[in-house]
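Enquirer: Quick one, fold the following:
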Amino acid sequence: MFLGQALVGAVQVTQSYPLHLVYLHQITTITLWISLILLVYASGVLGVDYPDAPKLNFRQRMKDFFALSKPLIVGLLLITTYGGLVIGGKAWPPFSLTVWTLIGGALAAGGSSALNQYIDRELDKNMQRTAKRPLADGRLTDAEGLSFGIALSLISYYLLACFVNGLAALLSLAGIIYYVILYSLWLKKATVQNIVIGGGAGAIPPMVGYAAATGTLDWTAWILFAIIFMWTPPHFWALAIVRQKDYERAGVPMLPVVRGEMETRKQILIYTVELVAVTLLLPILNLAGNVYLVASLILGGALLYAAWAVWKEGGNKVAWRMYKWSSSYLVFIFVAIMLDAVLR
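Expert: Below is the predicted model:
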């Protein structure tokens, strides 16, 4: 936070003291002092001895810290962030804006993923898919995971606030809070609607990109949000069918665990239909052109076919195919958005 305060102080001088940086500098000062007091208290009163972590070489530790950030998810989120940048500016964005927006977005996504793994470290031990994660497997300590996640999240906010704009920084911070507190701490283990409501966290990155390009949010930005919001449930429910026993052991109330596979297959089809309908709002409202219209119809048809197969056939094989294809679908639909914005 001290480095963040110094960065904000330096940048606000070069930018003629923009109001959001002035306020951020003052808030950081107050927060820094409160954090130092709490650190002293925690070190002296709440400190406990932890068993030594297993000795690993430097290369392995770097791999584990990298794994904490869930790099594949970060990459997917950066594609949607860049899509927001391009459609917001209706052109390929300037190099410096692209770099700072994507660095800030990557750090925000990586930090929130690390905090999610810190929160889920005991739960992850009960799932085959996650048991070898660095915190669940004990290769990193809890303190290392927590501090890494907080550090990345703070750095992301300061970089976006200083080098992009205040709205993009606030949206990114909202996404972190949404994912870490609303989803990871509360919804994930509390309700069968966890992934439906929690999907809003992953839908924020294109809004960050759009705000970075324009400094505002309009109907286009909200439709981008809605596309990912509607994409999230069928994508993760397909995975939940494949990993149903894992979720049962961990006590996570995913839809297949609570309402069974048949209901999950039906909901995957329903949400996929709704997703394709939402993607068509952009051309219907004249917010996208023919390139995107043709691409969204083709991609939507292929995704509907995959969802129909899940509903009609059932089983892990078609569910896994839906999970993998839906990831590709999101990439392709945002590539289509970008190309359409540039060529229109």
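
Enquirer: which one is Leu140 nearest to, not counting chain neighbours?
Expert: Nearest residue to Leu140 in three dimensions, chain neighbours excluded: Pro134, at 4.4 Å (C-beta to C-beta, 6 or more residues apart in numbering). All C-beta atoms are positioned from the backbone trio N, CA, C, and that covers glycine.

Enquirer: Could you measure from that neighbour over to Phe65?
Expert: Going from Pro134 to Phe65 by C-beta to C-beta, to the nearest Å gives 8 Å.

Enquirer: residues shared between the contacts of those two?
Expert: Residues touching both Pro134 and Phe65 by C-beta atoms under 8 Å, 6 or more residues apart in numbering: Leu140.

Enquirer: These two: which has the busier surroundings?
Expert: Pro134 (25 against 18; other C-beta atoms under 10 Å).

Enquirer: right, and Thr232 touches Ile197 too?
Expert: No. Look at Thr232 against Ile197 with C-beta atoms under 8 Å: they stay out of range, at 9.9 Å.

Enquirer: which of these two has more neighbours?
Expert: Taking neighbours as other C-beta under 10 Å, Thr232 and Ile197 compare with Thr232 leading, 23 against 18.

Enquirer: how about the nearest residue to the more buried one, chain neighbours excluded?
Expert: Gly199 (3.2 Å).

Enquirer: Which residues are in contact with that neighbour?
Expert: With C-beta under 8 Å, 6+ apart, Gly199 has these contacts: Ile228, Phe229, Trp231, Thr232, Pro233.

Enquirer: Now do it, the pLDDT please.
Expert: On pLDDT, Gly199 comes in at 90.

Enquirer: That one is in what secondary structure piece?
Expert: Using DSSP states H and E, the element containing Gly199 is helix 194-202.

Enquirer: buried residues in the following helix or strand past that helix?
Expert: The helix or strand immediately downstream of helix 194-202 is helix 205-214, counting by DSSP H and E. Neighbour-count burial for helix 205-214 flags Pro205, Pro206, Met207, Val208, Gly209, Tyr210, Ala211, Ala212, Ala213, Thr214 (criterion: 16 or more other C-beta atoms under 10 Å).

Enquirer: now do stretch 242-260
Expert: Buried, per 16+ other C-beta under 10 Å, within stretch 242-260: 242-244, 246-248, 250, 252-257.

Enquirer: biggest separation within those residues, which pair?
Expert: For those, the maximum inter-member distance is 16.9 Å, found between Val242 and Pro253 (C-beta to C-beta).

Enquirer: one step back: from what I see, the residue nearest to Leu140 and Lys70 are in contact.
Expert: No. With contact defined as C-beta under 8 Å, Pro134 does not reach Lys70; the gap is 11.2 Å.

Enquirer: In contact with Leu297, which residues are there?
Expert: By C-beta under 8 Å, 6+ apart, the contact set of Leu297 is Leu280.

Enquirer: what about it, helix or strand, and which?
Expert: Using DSSP H and E, Leu297 sits in helix 290-313.

Enquirer: Could I get the contacting residues of Ile228?
Expert: By C-beta under 8 Å, 6+ apart, the neighbours of Ile228 are Thr80, Gly199, Gly202, Ala203, Pro205, Pro206, Leu330.

Enquirer: ok, now with 7 Å
Expert: The contact partners of Ile228, taken as C-beta atoms under 7 Å, 6 or more residues apart in numbering, are Thr80, Gly202, Ala203, Pro206.

Enquirer: and the angle for the one helix or strand it maps to with helix 205-214?
Expert: In the assignment (DSSP H and E), Ile228 maps to helix 219-242. Per axes from the mean of the first three to the mean of the last three C-alpha atoms, to 10 degrees, the angle that helix 219-242 makes with helix 205-214 is 160 degrees.

Enquirer: from here on, count from 18
Expert: All right, first residue 18 from here; so that's helix 236-259.

Enquirer: what's the domain layout of this structure?
Expert: Domain assignment for the chain, taken from automatic domain parsing, gives 18-61, 86-234, 237-361.

Enquirer: related to what we said a few turns ago, the helix holding Leu314 to helix 236-259, inter-axis angle?
Expert: 20 degrees.

Enquirer: helix or strand right after helix 307-330?
Expert: Per DSSP H and E, the first helix or strand lying C-terminal to helix 307-330 is helix 333-360.

Enquirer: what packs against that next one?
Expert: Applying 3 or more C-beta pairs under 7 Å, 6 or more residues apart in numbering; DSSP states H and E, one finds that helix 333-360 contacts helix 88-106, helix 236-259, helix 307-330.

Enquirer: remind me which residues of the stretch 68-217 of the chain are low pLDDT?
Expert: Residues of the stretch 68-217 of the chain meeting the criterion pLDDT under 70: 68-73.

Enquirer: quick revisit: quick check: mean pLDDT of the helix holding Leu314?
Expert: 96.

Enquirer: Can I get it in CSV? Just the C-alpha atoms.
Expert: Listed next in CSV are the C-alpha coordinates belonging to helix 307-330 (Å, rounded to 0.1, in the frame of the first residue of the first chain):
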residue,chain,number,x,y,z
ASN,A,307,-23.5,-8.0,-40.1
VAL,A,308,-20.2,-9.6,-39.4
TYR,A,309,-21.2,-10.1,-35.8
LEU,A,310,-24.8,-11.1,-36.7
VAL,A,311,-23.6,-13.9,-39.0
ALA,A,312,-21.0,-15.1,-36.5
SER,A,313,-23.4,-15.1,-33.6
LEU,A,314,-26.0,-17.1,-35.5
ILE,A,315,-23.4,-19.7,-36.6
LEU,A,316,-21.8,-20.0,-33.2
GLY,A,317,-25.1,-19.9,-31.4
GLY,A,318,-26.4,-22.7,-33.6
ALA,A,319,-23.4,-24.9,-32.8
LEU,A,320,-23.8,-24.2,-29.1
LEU,A,321,-27.5,-25.0,-29.2
TYR,A,322,-26.7,-28.3,-30.9
ALA,A,323,-24.2,-29.1,-28.1
ALA,A,324,-26.8,-28.2,-25.4
TRP,A,325,-29.5,-30.2,-27.2
ALA,A,326,-27.2,-33.3,-27.2
VAL,A,327,-26.7,-32.8,-23.4
TRP,A,328,-30.4,-32.7,-22.9
LYS,A,329,-31.3,-35.7,-25.2
GLU,A,330,-28.4,-38.0,-24.6
